[in-house]
Each structure stands twice: as structure tokens, then as C-alpha cells.
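Colleague: quick check, what structure comes out for this input:
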Amino acid sequence: MVEKKISLSEQTARKWLQERGITVKDIADLVMYLQNKYHSDLKIEECIHNVERVLSKREVQNAILTGIQLDILAEKGMLEEPLQSIIKMDEGLYGVDEILALSIVNVYGSIGFTNYGYIDKQKPGILLMLNDKSTGKCNTFLDDIVGAIAAAASSRLAHRSMNVE
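Modeller: Down below sits the predicted model:
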């Protein structure tokens, strides 16, 4: 079997997710949440595989790197006002975090948009923790990115299962 060489971009994106407390399994659990009612025999391994495939996409890595970096800078108070306060407070009318997340969802088609909207409102699993403002962490971009990765992986899974007879 040929071993896949992982780019610096992918290595860094995965490392930063891990440093922010996000595992592939956490995201796979969200995929399971989104897809288990449509696939009665769905296994977590299949969800993990689809998350891994989404994480291998350069567009996804770019969104992860950009979003996490902005969250970290806001956490450290290193952005100019008013952007510093907007991102730190995760202001409701600031939609750039969702727009960045939609660039991930867009990789796998329109079904991802509905999956993303649903999971963004429900906030199951790791998303609930990421939205907890009492931790002192700024996850304005990260919560949307994680939800988008799960939505994209769910879309990938749905597309693949529709092509199997």
C-alpha cells in the first residue's frame, strides 16, 4: 500500500484542531448525529473515514487555518477594534465566521448547506462545548468550522451511499 504524503497545510490544520481540543472522532460523532436516521447500519468508522477525506481537501485546510488563527488572535487581544470585540464576543450579526464555514460545506454540494444549518442550530456534541463562552477560549470561527466539516462529511457519505445499489 502506498503511504500518502500529508502536506504541511494538512499537518498544521490537524495539529491546530487537536490543540483546540477537537478530534476526528468528535467530528465523526457529529456526522453520526446527522446521518444515523438515514443509514440504519452506519458505523462510526465510516463517519471517521468521511471526516478524514474532508480534512484532506486543501480548501478545508485553508478555512481551518484561517479561522483558528483569527480565534487565537482575538483570544490574545491582538486584533484592531472593532474587529477584536466583534470576534471575541461572537457578535450575532457578524456572519463572516459562517461564510468561512460555508466554503467547507460548498466542497460537497448543496445537501451540505442544510446539514450545516441544522447542526449549527442544534449544537450537539463538541459544538456545545465550543459555544461555551465561560471557558475563556474564543471559538467564533472554530465552532462553525467543525460543524461545516461534519456537514461536508455527512454530504460526502450521503452522495456515496446514493451511488451504491
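Colleague: let me see the ranges of the helices in the chain.
Modeller: For the chain, the helices defined by DSSP state H cover 8-19, 24-35, 44-55, 58-75, 83-89, 96-105, 111-122, 126-130, 142-162.
Colleague: which positions in the shortest one come out as buried?
Modeller: Applying a neighbour-count criterion of 16 or more other CB atoms under 10 Å, the buried positions in helix 126-130 are Ile126, Leu127, Leu130. Every C-beta, even on glycine, is put in place using the N, C-alpha and C of the backbone.
Colleague: re earlier: quick one: which of the helices of the chain is nearest Gly136?
Modeller: Closest to Gly136 of the helices of the chain is helix 58-75 (CB to CB; 7.8 Å).
Colleague: would you format the helices of the chain as CSV with distance to Gly136 and mean pLDDT included?
Modeller: Listed next are the helices of the chain as CSV, based on distance: least, CB to CB, whole Å; pLDDT from 0 to 100:
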stretch, distance to Gly136, mean pLDDT
helix 8-19, 15, 98
helix 24-35, 20, 97
helix 44-55, 27, 98
helix 58-75, 8, 97
helix 83-89, 10, 97
helix 96-105, 18, 96
helix 111-122, 23, 93
helix 126-130, 13, 96
helix 142-162, 14, 91
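Colleague: in stretch 24-36, which residues are buried?
Modeller: Quick answer for stretch 24-36 (16+ other CB under 10 Å): Val24, Asp26, Ile27, Ala28, Asp29, Leu30, Val31, Met32, Tyr33, Leu34, Gln35.
Colleague: got a list of what the spatially most central residue of the chain touches?
Modeller: The C-alpha lying nearest the average C-alpha coordinate of the chain belongs to Val146 (CA atoms, centre = their mean; 2.0 Å). By CB atoms under 8 Å, 6 or more residues apart in numbering, the contact set of Val146 is Leu17, Ile22, Asp26, Ile27, Leu30, Ile126, Leu127, Leu130.
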